[in-house]
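K.L.:
got a predicted structure here, sequence first:
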2 protein chains.
Amino acid sequence: MAEQKKYHVAIVGATGAVGQKMLETLEDRNFPIETLTLLSSKRSAGKTVRFQDKEITIQEATPESFEGVDIALFSAGGSISKQLAPEAVKRGAVVVDNTSAYRMDPNVPLVVPEVNEADIEKHQGIIANPNCSTIQMVAALEPIRDAYGLKRVIVSTYQAVSGAGNEASDELRNQSEAFLNEETYTPEILPVKGDEHHYPIAFNALPQIDKFEENGYTFEEMKMINETKKIMHADELHVAATCVRLPIFTSHAESVYIEIDQDDVKVDEFQSKLANAPGLTLEDDPANQVYPTPLNAEGKRDVFVGRIRKDLDQPNGFHLWVVSDNLLKGAAWNSVQIAESIVKNDWLQQK
Amino acid sequence: MAEQKKYHVAIVGATGAVGQKMLETLEDRNFPIETLTLLSSKRSAGKTVRFQDKEITIQEATPESFEGVDIALFSAGGSISKQLAPEAVKRGAVVVDNTSAYRMDPNVPLVVPEVNEADIEKHQGIIANPNCSTIQMVAALEPIRDAYGLKRVIVSTYQAVSGAGNEASDELRNQSEAFLNEETYTPEILPVKGDEHHYPIAFNALPQIDKFEENGYTFEEMKMINETKKIMHADELHVAATCVRLPIFTSHAESVYIEIDQDDVKVDEFQSKLANAPGLTLEDDPANQVYPTPLNAEGKRDVFVGRIRKDLDQPNGFHLWVVSDNLLKGAAWNSVQIAESIVKNDWLQQK
């Protein structure tokens, strides 16, 4: 038996919420790593991290950091990706980018492996990892689209604060404590760190994720709309989204209404398509109060689906409730899955 | 000027979450009260409550308690209403019932005054107060239906725990503290006290409010569907609902998608219909991050509407975000509003 090939892997943003999960996931999956290079901003450089019983020192990310790197996982914000991903590609690395920097670039595949793994092969050095709330939705909808066609999607999200980074999780924790102790707490991070106003998230709901566009939709909502069409290769699909941040640490939930191309599909057939699909777990037994919840999904790689009901008026309409760990399938795990596919299919070379 | 007539008012369930708000609302509104009788279960009888600088002792509710009562506000659970509302009516009282006991009874008007105040006149002794999540939605939709017609509603809710009573609020508080202190806490109330399984609500989302029906929808979801049609006198209206309980103490939020009868309505026209409607406050200025939130709506009687957007594909489709205090407009205030209408219009007599 041939010895398995091993790779030089880099993580950019190794100290962030997603970077930490990337490290854990690479370790859990026993990814074939020859060398692991951990990169960050100058501020975090010098810290050490344990990986497979080795201490690794985090280095400041520079163009030269990517010399000899085979696969670079980026999750350090869009401007870092814009600056350094081309430098990594120039030095021969394949980049899996978890920011929004390249997602809608027509030359960059946007990939959820359960939906469009084959798109990875067409890469020109960069493969984009979609937005967290988009990934779990398309993973749940793909088996349905494949079996019955898909006309329309209307989604309302219930999103965890960890999607806004470790400092948002800290804010929820500290603000909740202050609220329960009847102390004042001035919000500084949520809903959007870079936006003008900040509002309390503890015991509240904020219908704003990312900044607003001119059309009254948030960037998060437009990401769900545009990325879904790109990943599913379905420009004609109607997608509408309302994105809401909630006092939940981990896992996004989504109330999804869809219309399919057929009028006569029964709930049990619909369920069986999801139960047998890769990466999905069906949790749907209302009589026994079985349905997905964010706390139950935390730390798991699957997307959980339940509350499947036929619409009472629309013969081709269905409702479902989709939950997944936003840091795993929504970010780190999907990126590592793309890396595993690159390795398995020997797709390291640019097309 | 004639002296204002005053009435003998009774509150059944005076110690509950809604009963307390009924008391506060009657006081805030300076309701013309001659005598106030506060009733409860045997367990709470004997407690005293302050109302307009008087101490009132709560009595056990019995059929005889309603002798001489003009208006009885019920909020002590469906079985108490089934048992005692007819006794109150027999003794000449008009009952405003905040439980689900009579809501779908064809002989009982189901009323949100901003929508169908005239229905009150047809009462035969009992007027039903709708479900909290239904009230705020129909209050927001009525000016739109009136101006443009309404074909279809798809709602996903973000509901506060106080809708499940004071003990649910206590559970959220204690469980949140335990979670933050990394202590274990066994859920005993939520999602539904009388159901078999209980799940954590702190930092979680539970897609179950009330028990499940055979069709896979919860009773809460079916209430939103059926009550909306009854209040709006619109059997042909398509309504779909997904109801979710969240770690929020007060105020329900709703992500609502609607289709109207016209294709050419602009967002600013749509907004102005809501801005000028009774009982509504428009909070919709995305450029300045202005939108309704549960914490801001708490303690206020209005329904707050924002995040109004045209659907990007459906010319007659709009999205909106509706928030209101579930204990006030969702329960106590709507009941007192009905009582104010009865008094103002002299509708005490049964038809």
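P.N.:
Sure, I can see it.
K.L.:
okay, now the unreliable bits of chain A?
P.N.:
Residue ranges of chain A with pLDDT under 70: A:1-2, A:351.
K.L.:
now A:Lys193, what's its secondary structure?
P.N.:
Assigned by DSSP: H, G, I helix; E, B strand; the rest coil, the conformation of A:Lys193 is coil.
K.L.:
then A:Phe270?
P.N.:
helix.
K.L.:
and what of A:Glu55?
P.N.:
strand.
K.L.:
excluding its backbone neighbours, what's nearest it?
P.N.:
Distance criterion Cβ to Cβ, 6 or more residues apart in numbering or on different chains; nearest residue to A:Glu55, sequence neighbours excluded, is A:Thr48 at 4.9 Å. C-beta: built from backbone N, CA, C; applies to glycine.
K.L.:
can you check A:Asn129 too?
P.N.:
A:Asn98 (4.4 Å).
K.L.:
now swap in A:Pro278 and tell me
P.N.:
A:Glu114 (5.2 Å).
K.L.:
then A:Lys266?
P.N.:
Nearest residue to A:Lys266, sequence neighbours excluded (Cβ to Cβ, 6+ apart): A:Lys310, at 7.9 Å.
K.L.:
ok, A:Ile33 next?
P.N.:
In space, and not counting its chain neighbours, A:Ile33 is closest to A:Val9: 5.3 Å by Cβ to Cβ, 6+ apart.
K.L.:
what's in contact with the helix or strand containing that neighbour?
P.N.:
Here A:Val9 sits within strand A:7-12, counting by DSSP states H and E. Applying Cβ atoms under 8 Å, 6 or more residues apart in numbering or on different chains, the external contacts of strand A:7-12 come out as A:19, A:22-23, A:26, A:31-40, A:61, A:65-66, A:68-76, A:80-81, A:84, A:88, A:93, A:339, A:343.
K.L.:
go through those residues and flag which are in strands.
P.N.:
A:Ile33, A:Glu34, A:Thr35, A:Leu36, A:Thr37, A:Leu38, A:Leu39, A:Ser40, A:Ile71, A:Ala72, A:Leu73, A:Phe74 (DSSP state E).
K.L.:
which of the residues you listed are buried, as a PyMOL select command?
P.N.:
The buried subset of the ones in strands among the contacts of strand A:7-12, as determined by 16 or more other Cβ atoms under 10 Å in any protein chain shown, is captured in PyMOL by this line:
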select buried, chain A and resi 33+36+37+38+39+40+71+72+73+74
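K.L.:
and the helix or strand encompassing the residue nearest to A:Pro278, how far out from the chain's middle?
P.N.:
Using DSSP H and E, A:Glu114 sits within helix A:113-116. Its chain's C-alpha centre and that of helix A:113-116 lie 13 Å apart, by Cα atoms, centre = their mean, to the nearest Å.
K.L.:
rewinding a little: what about the residue nearest to A:Glu55, how many residues nearby?
P.N.:
A:Thr48 is flanked by 11 other residues according to other Cβ atoms under 10 Å in any protein chain shown.
K.L.:
how near is the residue nearest to A:Glu87 when sequence neighbours are not counted to chain B?
P.N.:
With sequence-adjacent residues excluded and distances taken as Cβ to Cβ, 6+ apart, A:Glu87 is closest to A:Pro63, at 3.8 Å. Distance, A:Pro63 to chain B, using Cβ to the nearest Cβ, to the nearest Å: 37 Å.
K.L.:
A:Ala85 is in contact with A:Pro63, correct?
P.N.:
No - look at A:Pro63 against A:Ala85 with Cβ atoms under 8 Å: they stay out of range, at 10.6 Å.
K.L.:
those two - which one has more neighbours?
P.N.:
Taking other Cβ under 10 Å, A:Pro63 and A:Ala85 do not tie; A:Ala85 has more neighbours (25 against 13).
K.L.:
which residues are in contact with that one?
P.N.:
If you count contacts by Cβ under 8 Å, 6+ apart, A:Ala85 has them with A:Ala72, A:Phe74, A:Val95, A:Asp97, A:Ala101, A:Tyr102, A:Gly125, A:Ile126.
K.L.:
cool, and A:Ile144?
P.N.:
A:Leu150, A:Ile258, A:Ile260, A:Phe270, A:Lys273, A:Leu274, A:Phe318.
K.L.:
and what of A:Gln271?
P.N.:
For A:Gln271, the contact set (Cβ under 8 Å, 6+ apart) comprises A:Leu282, A:Asp284, A:Ile308.
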